[in-house]
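*Asks:* All I have is the shape, not the residue letters:
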């Protein structure tokens with residue numbers, strides 16, 4: 001299987017890429033700026049390639065997909081993981097920051113789906129897994145743009161699942177939970193404390209467990225349009 005993992009030079013994306021690699025799949029490590037990190041991830045996978053693209057730029061996304069097709073003939077699994085965040089109160093948030101978050105977190109997956117889904121339609125198979133967040137369901141103070149983008153991911157997942165089901169393409173969303181990746185560590189201490197206190201098991205989510213679940217989900221059949229919450233905080 002050919003797997004394309006967006007934003008996979010570090011954090012959860014890196015763990016997902018490595019998990020697919022351990023299972024013997026061909027893996028595309030996508031990055032926007034962190035070339036060295038992406039190439040390091042790719043070097044740990046037997047069949048892999050690291051490719052740069054701005055997720056918010058459809059032409060760059062299409063170029064990436066064309067390179068993958070030229071080498072491996074198609075794409076079987078797309079994991080839309082690339083995302084950014086910035087903590088700002090709604091009334092203090094700038095239009096520039098809001099646009100940047102939406103462009104990466106929501107338009108990015110939209111662009112990748114538009115570029116990859118036609119290949120899956122021809123194959124009459126495929127899995128698209130979108131990484132959302134509990135913030136997209138509950139909303140979070142100081143994260144209006146991030147919460148909006150992640151809520152949009154859930155809506156995009158539902159719509160895509162309905163549109164592509166006739167082509168045997170499965171589309172699902174995963175809420176991975178609060179993880180101590182670079183993004184999680186960068187959050188303020190109050191956010192970390194609240195996440196830990198709300199956790200039923202009093203621990204943060206493990207990126208390796210999330211990656212293994214995503215690999216498992218990509219192997220299932222007949223499961224689409226679902227939102228899987230891997231966070232031990234109750235929605």
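*Replies:* Now that the structure is in, tell me what you want to look at. Predicted, not measured: the structure shown is a model, and the values here were computed from it.

*Asks:* Contacts only, for the closest residue to residue 205 other than its chain neighbours.
*Replies:* In this structure, residue 205 finds its nearest non-sequential neighbour in residue 177, 3.2 Å apart by CB to CB, 6 or more residues apart in numbering. For the C-beta atoms, the positions are set from N, CA and C on the backbone; glycine is no exception. In this structure, residue 177 makes contact with 134, 204-205, 210, 229-233, judged by CB atoms under 8 Å, 6 or more residues apart in numbering.

*Asks:* separation between residue 168 and residue 138?
*Replies:* 33 Å (CB to CB, to the nearest Å).

*Asks:* Quick check on the two: which one has the bigger neighbour count.
*Replies:* Regarding residue 168 and residue 138, a neighbour count based on other CB atoms under 10 Å identifies residue 168 as having more, with 15 against 11.

*Asks:* Now do the buried residues in stretch 73-83.
*Replies:* Applying a neighbour-count criterion of 16 or more other CB atoms under 10 Å, the buried positions in stretch 73-83 are 74-83.

*Asks:* need those in TSV with secondary structure, can you?
*Replies:* Compiled in TSV, those are given as follows (DSSP: H, G, I helix; E, B strand; the rest coil):
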residue	secondary structure
74	coil
75	coil
76	coil
77	strand
78	strand
79	strand
80	strand
81	coil
82	coil
83	coil
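
*Asks:* give me the number of residues near residue 159?
*Replies:* Other residues lying near residue 159 total 12 when counted by other CB under 10 Å.

*Asks:* Mind checking what secondary structure the closest residue to residue 133 other than its chain neighbours has?
*Replies:* Counting by CB to CB, 6+ apart, the nearest residue to residue 133 once its immediate chain neighbours are dropped is residue 150, at 4.1 Å. Of the three states, residue 150 takes helix according to three-state DSSP.
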